[in-house]
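Chemist: Below are the sequence and a predicted model; questions follow.
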Amino acid sequence: MGYDCVVCAKQVPDTKRITGEAMTEEGTVNRAALPAIFNPEDLNALEQALSIRDAHGGTVTLITMGLPAASEILREGLYRGVDRAILITDQRAAASDTLATSYILSCAIRKLSYDIVLCGRQAIDGDTAQVGPQLAEKLSLPVITYMEELISLEGKTIRVRRNIGNGYQVVEADLPVLLTVTEAANTPRPPMVKKIMKYKKARSKSEVEQEVKNLLQGDFENYAAELEAQQVEQICSELKEKGLLIEQWNLDDIDADLNWCGRDGSPTKVHRIESVVLTGSEYKEIPPTEEGINQLVAELIEDHTIG
Amino acid sequence: MIEVNPQGEVWVFAEQEGGKLSDVPLELLGKGRSLAEKLSVPLAAVLAGKDVRPLADTLIAHGADKVYLVEDDRLEHYQARSYSRVLCNLIEQYKPQIVMYGATPLGRDLAPTVASAMKCGLTADCTDLQIGDHVEPITKHLYKNLLFQIRPAFGGNIIATIVNYDRWPQMATVREGVMPMPAPDENRTGEIIECKADLDGLVLPLKILETHRRERKVNLKAARIIVAGGAGVGSKENFKLIWDLAECLGAAVGGSRAAVDLGYVDADHQVGQTGTTVRPALYIACGISGAVQHRAGMAESAKIIAINIDRDAPIFSIAHYGIVGDLNDVIPKMIKAIRTRAGVKK
Ligand SMILES: Cc1cc2nc3c(=O)[nH]c(=O)nc-3n(C[C@H](O)[C@H](O)[C@H](O)COP(=O)(O)OP(=O)(O)OC[C@H]3O[C@@H](n4cnc5c(N)ncnc54)[C@H](O)[C@@H]3O)c2cc1C
Ligand SMILES: Cc1cc2nc3c(=O)[nH]c(=O)nc-3n(C[C@H](O)[C@H](O)[C@H](O)COP(=O)(O)OP(=O)(O)OC[C@H]3O[C@@H](n4cnc5c(N)ncnc54)[C@H](O)[C@@H]3O)c2cc1C
């Protein structure tokens, strides 16, 4: 027996760290000050998949769509024991909205074997929580959103407690299903030291390309392209031999229809983006003295804010 | 998706559970009214469920010109698959230009499913919706009278205005409490259009075994004054200070997520991105640092008083009145001032 789980994870800027310090003097966010992290609730999705494997056997495959740098979260998955990690990276996927993102992920997942697809409830940067339900629709899977607890998994039947805002619901469905997992579901396990030692050198091809490019920069202008390609091939085949080459797919590998990918595949377009500037209109500082507070209260009574 | 259809109606999905409407569709009808008037098209609500006809009058009183009513036993309990089928069929038949949903757990399950099936866009958690013109930066083509879908993103640190000019309908979700609810007008009249649900052959994939709903103990949204406490209050016992101040003001008690997580106050009281969004006449933040996720839920308050020992706490940057001091000292002074009306000129 055993279950094949596919976990979708996104690399995101750490928006939680936005405190007074990460704000610029103009009151806008200093993005450079924010590290890129494994989207928090995707770690809960991963933990859920790993604990299903612990209990029942099967496999866990971690996929992410993003820039080459997103390979970092795949390594974090390898440190926690995933069986397979796949980077989907392609410039033609840039500027995908949630519809295009879910389409691309669905094409990738069709290439894999799965009983349970797990997403985080929501990514902390785009903040939409739309990708999970859209992915389920594209794969014609039943979707269970806002999962708080896996109650049981027996044979082909899964039973789950889900949050419904002002309470909860217990639902049951037959596999295959898609779950969106909340932070309440579990506590993600830490990375394993042994696996870190093993996989810290794991790289995806696009990362190798960038590393080689940086290394060769300037020196051999004329030969650069050819040399680069050779070097990359060599390093990749060495990595592969050691089981350290992170799989990488582009849109052709997953047979994606380009009309539904990237900017062209995205019906939502950004009209304007503004940084939030904190403005306290007519700010008044009140001294913490009896007199100051009496005066404040009087002002509020006089303008009928308080009765 | 449907073709661009400037004559299309403006729609609101009328979320209900067990024959009771949520607040958010009524709030959306208020916004929908002004959008529909700007576009000179009718405003309609889509009401689906079992025995829900009595709710149609409430929708009309709150601004709907029409109610598309879909009643079927199989719609008694919400499921993404059945409800999305109903909505997609109606959208294909009537071609509305705008469809709005509440950003409730139900709406955030349904709307993306509909968007994926219709292959149209969806903007999440809008805080404002307007009608405006968009010039495509590459083609320079001018698109008139689009729905501007205005939403915070990036943890509330940027505000994005999103448009959808080619694959309609234009769809958006809006959080509860963000749009003011219009006062009902019982004399308004409207048309109820009965529609048949085409659910034949549909297998409902989820077995709903149990549903537990708590009545909310507090109604923060309706409160005119809110006194909120954060981690700075220090203990559950000390949170009594917050209750005392609220009591003498006739106010509701709110809390930051840290206060909830620390067990100072119940989760129903949480204000912010993952709690309730409030816009009271007065918000008093005590020992709350003012993280973006908290501000997202209260920055629209008409007046904000912040009490915090840290002069640099971000809460002061949106406050109208700031008291830099220890809440254990400031709150008792405030209670006394309110009780005695000490400063008021006779
Ligand atoms: C300011 C701004 C506003 C935006 N607003 C909208 C909008 O309103 N509507 C819209 O359609 N798009 C919007 N987008 C685009 C959207 O952020 C991207 O499409 C993004 O790739 C996915 O959306 P999300 O971050 O909201 O993810 P969510 O839908 O919140 O993610 C849910 C889960 O899906 C999975 N997932 C999401 N992305 C990936 C990925 N790349 N790889 C693997 N798994 C993934 C993860 O498990 C994640 O937890 C916006 C982008 C920005 C920058
Ligand atoms: C995805 C996400 C969603 C979130 N949603 C929400 C949400 O809905 N609502 C929410 O509130 N938070 C939310 N948060 C958490 C948010 O980021 C902050 O962690 C939280 O708001 C902090 O609460 P606080 O201000 O009470 O605590 P702290 O940040 O610890 O601040 C305590 C403050 O008390 C002050 N203080 C200490 N002692 C005293 C004293 N004696 N007198 C006066 N002042 C004192 C300190 O100076 C400090 O400013 C969310 C976070 C994430 C990542």
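Modeler: Everything's here; your move. Ligands and ions are numbered 1, 2, ... in the order given.

Chemist: Next, count neighbours for residue B:176.
Modeler: Residue B:176: 19 surrounding residues under other CB atoms under 10 Å in any protein chain shown. Placement of C-beta: from N, CA and C, glycine included.

Chemist: what's the spacing between the residue in the stretch 151-300 of chain A positioned nearest to ligand 2 and residue B:262?
Modeler: Ligand 2 sits closest to residue A:183 of the stretch 151-300 of chain A, with a gap of 8.5 Å, by CB to the nearest ligand atom. Distance, residue A:183 to residue B:262, using CB to CB, to the nearest Å: 17 Å.

Chemist: try residue B:231
Modeler: 6 Å.

Chemist: can I get the CA coordinates of stretch B:316-336 in PDB?
Modeler: What follows is stretch B:316-336, C-alpha atoms only, in PDB (Å, rounded to 0.1, in the frame of the first residue of the first chain):
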ATOM      1  CA  PHE B 316       1.800  55.600  16.300                       C
ATOM      2  CA  SER B 317       2.200  56.200  12.600                       C
ATOM      3  CA  ILE B 318      -1.500  55.700  11.900                       C
ATOM      4  CA  ALA B 319      -2.800  57.000  15.200                       C
ATOM      5  CA  HIS B 320      -4.500  60.300  15.600                       C
ATOM      6  CA  TYR B 321      -3.700  60.500  19.300                       C
ATOM      7  CA  GLY B 322      -0.600  58.900  20.700                       C
ATOM      8  CA  ILE B 323       0.200  58.400  24.400                       C
ATOM      9  CA  VAL B 324       3.700  57.300  25.000                       C
ATOM     10  CA  GLY B 325       3.500  55.600  28.400                       C
ATOM     11  CA  ASP B 326       2.800  52.500  30.400                       C
ATOM     12  CA  LEU B 327      -0.800  51.300  29.900                       C
ATOM     13  CA  ASN B 328      -1.000  50.200  33.500                       C
ATOM     14  CA  ASP B 329      -0.700  53.800  34.400                       C
ATOM     15  CA  VAL B 330      -2.500  55.400  31.500                       C
ATOM     16  CA  ILE B 331      -5.700  53.300  31.400                       C
ATOM     17  CA  PRO B 332      -6.700  53.900  35.100                       C
ATOM     18  CA  LYS B 333      -6.200  57.600  34.400                       C
ATOM     19  CA  MET B 334      -8.400  57.400  31.400                       C
ATOM     20  CA  ILE B 335     -11.100  55.500  33.200                       C
ATOM     21  CA  LYS B 336     -11.100  58.100  35.900                       C
END
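
Chemist: which sections of chain A are below the confidence cut-off?
Modeler: Residue ranges of chain A with pLDDT under 70: A:16-33, A:217-224, A:276-281.

Chemist: next helix or strand past the lengthiest strand in it?
Modeler: In terms of residue count, the longest strand belonging to chain A (DSSP state E) is strand A:143-154. Counting by DSSP states H and E, the next helix or strand C-terminal to strand A:143-154 is strand A:157-163.

Chemist: and that following strand, which residues are buried?
Modeler: If you call a residue buried by 16 or more other CB atoms under 10 Å in any protein chain shown, then strand A:157-163 has these buried ones: A:158-163.

Chemist: In TSV, list the residues you listed along with distance to ligand 1.
Modeler: Formatted as TSV, the buried residues of strand A:157-163 follow (distance: CB to the nearest ligand atom, whole Å):
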residue	distance to ligand 1
A:158	18
A:159	22
A:160	16
A:161	19
A:162	15
A:163	15
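
Chemist: from those, which are also near chain B?
Modeler: Intersecting the buried residues of strand A:157-163 with the contacts of chain B gives A:159, A:163 (criterion: CB under 8 Å from any CB of the partner chain).

Chemist: Just name the closest of the buried residues of strand A:157-163 to chain B, please.
Modeler: Nearest to chain B among those: residue A:163, at 6.5 Å, using CB to the nearest CB.

Chemist: ok, that closest one touching residue B:105?
Modeler: Yes. At 6.5 Å, residue A:163 counts as touching residue B:105 under the criterion of CB atoms under 8 Å.

Chemist: tell me, what's touching those two both at once?
Modeler: residue A:146 (CB atoms under 8 Å, 6 or more residues apart in numbering or on different chains).

Chemist: any chance you could map the helices in the stretch 1-150 of chain A?
Modeler: Counting by DSSP state H, counting those that start in this stretch, the stretch 1-150 of chain A has helices at residues A:40-56, A:71-80, A:98-110, A:131-138.

Chemist: Excluding its own residues, what touches the longest one? List them.
Modeler: For helix A:40-56, the surrounding residues in contact (CB under 8 Å, 6+ apart) are A:1-3, A:5, A:7-10, A:16, A:58-60, A:62, A:73, A:77, A:80-82, A:116, A:118-124, A:147, A:150, A:153, A:179-183, A:185-189.

Chemist: for the closest residue in space to residue B:60 that isn't next to it in sequence, what are its contacts?
Modeler: Spatially, and ignoring its direct neighbours in sequence, residue B:60 is nearest to residue B:190 (3.6 Å; CB to CB, 6 or more residues apart in numbering or on different chains). Shown in contact with residue B:190 (CB under 8 Å, 6+ apart): B:56, B:59-60, B:64-67.

Chemist: Would you mind listing what in the stretch 1-150 of chain A touches ligand 1?
Modeler: A:8-10, A:39, A:41-42, A:45, A:64-66, A:96-99, A:101, A:105, A:119-120, A:122-123, A:125-132 (CB under 6 Å from any ligand atom).

Chemist: one more time with 8 Å
Modeler: The stretch 1-150 of chain A comes close to ligand 1 at residues A:7-12, A:39, A:41-42, A:45, A:63-66, A:70, A:88, A:96-102, A:105, A:118-123, A:125-132, A:134-135, as judged by CB under 8 Å from any ligand atom.

Chemist: Tell me the buried residues within the residues you listed.
Modeler: Using 16+ other CB under 10 Å as the threshold, A:7-12, A:39, A:41-42, A:45, A:63-66, A:70, A:88, A:96-102, A:105, A:118-123, A:125-132, A:134-135 are the buried ones among these.

Chemist: Of the residues you listed, which are in range of ligand 2?
Modeler: Near ligand 2, by the rule CB under 8 Å from any ligand atom, you find residue A:122 out of those.
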